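J.: structure of the sequence below:
(chains A and B)
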Amino acid sequence: KAGVTQTPRYLIKTRGQQVTLSCSPISGHRSVSWYQQTPGQGLQFLFEYFSETQRNKGNFPGRFSGRQFSNSRSEMNVSTLELGDSALYLCASRSSTGNTEAFFGQGTRLTVV
Amino acid sequence: SQQGEEDPQALSIQEGENATMNCSYKTSINNLQWYRQNSGRGLVHLILIRSNEREKHSGRLRVTLDTSKKSSSLLITASRAADTASYFCATDSGGSYIPTFGRGTSLIVHP
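T.: Below is the predicted model of the structure:
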């Protein structure tokens, strides 16, 4: 079984721009969660999607949004980028919302300059 | 905000020694998991322990859970240089089952 695939692996963007990150979960997994990892804040939960619906949301501003497609692939969008958005963005898939074990992708390293 | 907090923040040992990391959390949990992260990469699931379990083993890993103290420990026996990584505990509670992570323990194993 292929693992969780995140693209791109690295991104450099300028303040004020927007960015879209992509995540393909493990085949058969319908839950996709997004996390932001920074040295200062650690791993922070952004949101979770299941069956194309946002099920849970962390404490992030509305500039952070996401969606999930019918094939369970998910995208995360950050608009009006700020320097503080520089982070490793991790996607995790779970087989169902009742199963806590998460499988992570390699992450997308976003640098905002 | 973090649910779990790992201790110590950093640990440096020699190959062959045992490494012990601790995790404390604040609210009642369904499950507690430990993950490993190699530098700048994704997290790898190591072991899950349910709230009604007290101890679990997986290879060289031993995890204990004390729900009365709201704490867990991860023991890596006979450590190897390849164990060098950051280790995170994650808890889930209520009905969401979404793991919430601590800040991690950075482990360095010197060959």
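
J.: how about low-confidence regions in chain B?
T.: Counting by pLDDT under 70, chain B contains low-confidence residues at B:1-3.

J.: let's see 90
T.: Within chain B, the stretches with pLDDT under 90 are B:1-7, B:39-42, B:93-99, B:102.

J.: which positions in it make contact with chain A?
T.: B:1-2, B:30-31, B:33, B:35, B:40-45, B:48, B:88, B:90, B:92, B:96-104 (CB under 8 Å from any CB of the partner chain). Yep, even glycine has a C-beta here, placed from its N, CA and C like the rest.

J.: quick test: name the residue nearest the centre of chain A.
T.: Residue closest to the average C-alpha location in chain A (CA atoms, centre = their mean): A:Trp34, at 3.2 Å.

J.: so where's chain A shaky on pLDDT?
T.: For chain A (pLDDT under 90), the answer is A:1-2, A:39-42, A:95-101.

J.: interface residues of it facing chain B?
T.: Counting by CB under 8 Å from any CB, chain A comes close to chain B at A:4, A:6, A:33, A:35, A:42-43, A:45, A:48, A:55-56, A:59, A:88, A:90, A:92, A:94, A:97-107, A:109.

J.: change it to 10 Å
T.: Contact residues, chain A versus chain B (CB under 10 Å from any CB of the partner chain): A:3-4, A:6, A:31, A:33, A:35, A:37, A:39-45, A:47-48, A:55-56, A:58-59, A:88, A:90-92, A:94, A:96-107, A:109.

J.: ok, and what's touching the helix or strand containing A:Asn56?
T.: Secondary structure assigned from DSSP states H and E places A:Asn56 in strand A:53-57. For strand A:53-57, contacts defined as CB atoms under 10 Å, 6 or more residues apart in numbering or on different chains pick out A:31-33, A:45-50, A:64-68, A:97, B:95-98.

J.: the residues of chain A next to chain B in strands, which ones?
T.: Judged by DSSP state E, the subset of those located in strands is A:6, A:31, A:33, A:35, A:37, A:42-45, A:47-48, A:55-56, A:88, A:90-92, A:94, A:103-104, A:109.

J.: show me the contacts for the closest residue in space to A:Tyr35 that isn't next to it in sequence.
T.: Leaving aside its sequence neighbours, A:Tyr35 sits nearest to A:Leu90 (CB to CB, 6 or more residues apart in numbering or on different chains; 4.5 Å). By CB under 10 Å, 6+ apart, the contact set of A:Leu90 is A:4, A:6, A:21, A:23, A:33-37, A:43, A:46, A:102, A:104-108, B:37, B:41-43, B:101.

J.: try it again with 8 Å
T.: A:6, A:34-37, A:43, A:104-105, A:107, B:42-43 (CB atoms under 8 Å, 6 or more residues apart in numbering or on different chains).

J.: same check, this time on A:Thr108
T.: Contacts were defined as CB under 8 Å, 6+ apart; by that measure A:Thr108 touches A:6-11, A:21, A:88-89.

J.: one more time with 7 Å
T.: By CB atoms under 7 Å, 6 or more residues apart in numbering or on different chains, the residues touching A:Thr108 are A:6, A:8-9, A:11, A:21, A:89.

J.: can I have the buried ones of these as a ChimeraX selection?
T.: The ChimeraX command for the buried members of the contacts of A:Thr108 (criterion: 16 or more other CB atoms under 10 Å in any protein chain shown) is given here:
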select /A:6,11,21,89
